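Q: Dropping a prediction and its sequence here:
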Amino acid sequence: QVQLVESGGGLVQPGGSLRLSCAASGFTFSTYWMYWVRQAPGKGLEWVSYINAGGISTYYSDSVKGRFTISRDNSKNTLYLEMNSLKPEDTAIYYCNVHVPGPVPVDYWGQGTQVTVSS
């Protein structure tokens, strides 16, 4: 079955960096667009970034553009999010997501990894 396992979160000071990873299994990773989504305390889900199957096209929300970089290694079935110049407002649980289209579309989510930006 589909599994997404995020890692790499933690506590970091403002201006610091973190690299999140999402290990995928149970589906043909290299054929799907992948997404990073976050949820800050008391707020709804925010789409942070996505990357196409081949890793060529990327999208970033305005809130992270220029600071975050999404990438993937299809040989390792792994999605990454490099986060630089972190701000307190980046504090959130970060999830990776894959949307599988079909007669019954399904969204799969990892368990999330906590990122806390605080001095």
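A: In hand now; what should we look at?

Q: which element is the residue nearest to the spatial centre of the chain on?
A: Geometric centre of the chain, nearest residue: Trp36, 2.7 Å, by CA atoms, centre = their mean. Following DSSP states H and E, one finds Trp36 within strand 34-39.

Q: picking up where we left off before, for the residue nearest to the centre of the chain, which residues make a bridge with it?
A: Ser49, Cys96 (DSSP bridges).

Q: Hmm, Pro14 and Ser119 touching each other?
A: Yes. In terms of CB atoms under 8 Å, Ser119 counts as a neighbour of Pro14; the distance is 5.9 Å. (C-beta placed from N, C-alpha, C; glycine too.)

Q: quick one, which of the two is more surrounded?
A: For Ser119 versus Pro14, neighbours defined as other CB atoms under 10 Å are more numerous around Pro14 (13 against 8).

Q: Was I right to think the more buried one contacts Pro88?
A: Yes. Using CB under 8 Å, Pro14 is in contact with Pro88, at 6.1 Å.

Q: Many thanks, we can stop here.
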